[in-house]
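*Asks:* with the sequence up front, the predicted model follows.
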Amino acid sequence: MAMELSVDFHFSSAHRLPYYNGPCFRLHGHNYKLQVTLQGLPNPKDGMIRDFDEIRAHVWESVLTQCDHHNLNDFMDNPTAENLIVWMWEKLKPQLEGLKELRLWETPEYCVSYREA
């Protein structure tokens, strides 16, 4: 029987959506929330699926240092929430064994999810 664990992260970024016909075409910012979910079995020795602090360090080093308090357009042509979460997945998947799902909230009301099919 597999279990899941999740770690939540908060970061702030600016972006503009260059192909959007509306107010988000202009430069603006968000206070994002990212939830990283792993699936696995607890290690019989320590009783953990994965150390929370290890997950936190990998996520910050791999993706959030590039995003937090930066302009997402500096490294992504069209930084929609959908494109951003795929970029994050591609960076994190090789480093986080058992990665099951990412959820990214652009606002408290709007969220996208990404998981392997």
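*Replies:* Ah, there it is. Note that the structure is predicted; figures quoted are calculated from it, not measured.

*Asks:* show me where this protein has its strands.
*Replies:* For the chain, applying DSSP state E gives strands covering 3-15, 28-40, 70-71, 99-105, 111-115.

*Asks:* what about the closest residue to Ile49 other than its chain neighbours, distance to Tyr114?
*Replies:* Closest residue to Ile49 apart from its sequence neighbours, by C-beta to C-beta, 6 or more residues apart in numbering: Gly40 at 4.4 Å. Just so you know, the C-beta spots here come from the backbone N, C-alpha and C atoms, and that holds for glycine as well. To Tyr114, Gly40 is 19 Å away according to C-beta to C-beta, to the nearest Å.

*Asks:* burial of Glu82, as a residue count?
*Replies:* 12 (other C-beta atoms under 10 Å).

*Asks:* show me what contacts it?
*Replies:* Val112 (C-beta atoms under 8 Å, 6 or more residues apart in numbering).
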